[in-house]
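Peer 1: the sequence isn't on hand, but the structure is:
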């Protein structure tokens, strides 16, 4: 499947919170986003992994080629990555479908995807309507907004303690913040918008606990989620 850049693509760079991790928002990303949606509607979505609160299907290989060719110059420059070919440990269509009451503890708090600072995550929103975007957080006790190798042990020890404490979240997706986490940034989910951030930034999807998206690529919270590394 051939994917091409939209002729009116817009790229905005910013920083997250007080620690200033880089963030890119790319609007009007692809020239024919509806084609990606139609492609998704022909897939068989299934649960994949224990952490994602929904179902997934493999994104087209042409989408990975598009990211590697069209976006690599912007991403390597802004995120300070070494030159090299992009590789994709994960690149899937995603639909959030899990009811709030069925979430595990780690799905009710912000998460990281890696402790490495050179790995990127992308979320390409492919839904119409108000299904929420992506939010970024600071852990109140430690002040951490990202978790690297040096911070990992202390952070997860503290989180384990907090999971047993009186302030542990009782249920539902996190949104504005809790007694454990402060929201320090948010990107709204807009059709054909992509957000790009380091995988070790504390983040979570912004999901309305009163309205669970349906398991339908045409009417649910469809996105393409990718992890990007640089080939050695």
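Peer 2: Received, thanks. The model shown is predicted, which means the values in this text are computed figures rather than measured ones.
Peer 1: okay, buried residues for the lowest-mean-pLDDT helix or strand in the chain please.
Peer 2: Lowest on mean pLDDT, DSSP states H and E among the helices and strands of the chain sits helix 72-79, with a mean of 93. The neighbour-count check on helix 72-79 (16 or more other C-beta atoms under 10 Å) flags 72, 75, 76, 79 as buried. For glycine as for every other residue, the C-beta is placed from the backbone atoms N, C-alpha and C.
Peer 1: buried ones in the lengthiest strand in the chain?
Peer 2: In the chain, taking DSSP state E as the definition, the longest strand is strand 86-96. The neighbour-count check on strand 86-96 (16+ other C-beta under 10 Å) flags 86, 88, 90, 91, 92, 93, 94, 95, 96 as buried.
Peer 1: name every strand pairing with that strand and say which way it goes.
Peer 2: For strand 86-96, the paired strands and their directions (DSSP bridges) read strand 54-58 (antiparallel), strand 222-230 (antiparallel).
Peer 1: who are the packing partners of the lengthiest helix in the chain?
Peer 2: Using DSSP state H, we find that the single longest helix of the chain is helix 149-163. The contact analysis (3 or more C-beta pairs under 8 Å, 6 or more residues apart in numbering; DSSP states H and E) places helix 149-163 against strand 134-139.
Peer 1: so where does the residue of the chain positioned farthest from its centre fall, helix or strand?
Peer 2: Relative to the centre of the chain, the most outlying C-alpha is that of residue 166, 28.5 Å out, by C-alpha atoms, centre = their mean. Per DSSP states H and E, residue 166 falls between elements, in no helix or strand.
Peer 1: next, give phi and psi for it.
Peer 2: Dihedral angles of residue 166 (phi, psi; degrees, to the nearest 10) stand at phi -70, psi -20.
Peer 1: roughly how far apart are it and residue 100?
Peer 2: From residue 166 across to residue 100, the span is 20 Å (C-beta to C-beta, to the nearest Å).
Peer 1: show me where this structure has its helices.
Peer 2: Secondary structure of the chain by DSSP H: the helices cover 33-41, 61-66, 72-79, 149-163.
Peer 1: other SSEs contacting the first one?
Peer 2: Okay, so that is helix 33-41. Packing contacts for helix 33-41, counted by 3+ C-beta pairs under 8 Å, 6+ apart, involve strand 222-230.
Peer 1: list the buried residues of stretch 189-208.
Peer 2: So, applying 16+ other C-beta under 10 Å, buried residues of stretch 189-208: 189, 191-207.
Peer 1: rounded mean pLDDT for that stretch, please.
Peer 2: Average pLDDT, stretch 189-208: 97.
Peer 1: distance of residue 6 from residue 26?
Peer 2: Using C-beta to C-beta, we find residue 6 at a distance of 9 Å from residue 26.
Peer 1: and those two? Which one has more around it.
Peer 2: Neighbours per residue, other C-beta atoms under 10 Å: of residue 6 and residue 26, the larger number sits with residue 26, 23 against 16.
Peer 1: quick check: the more buried one touching residue 197?
Peer 2: No. With contacts counted by C-beta atoms under 8 Å, residue 26 stays clear of residue 197, the gap being 11.9 Å.
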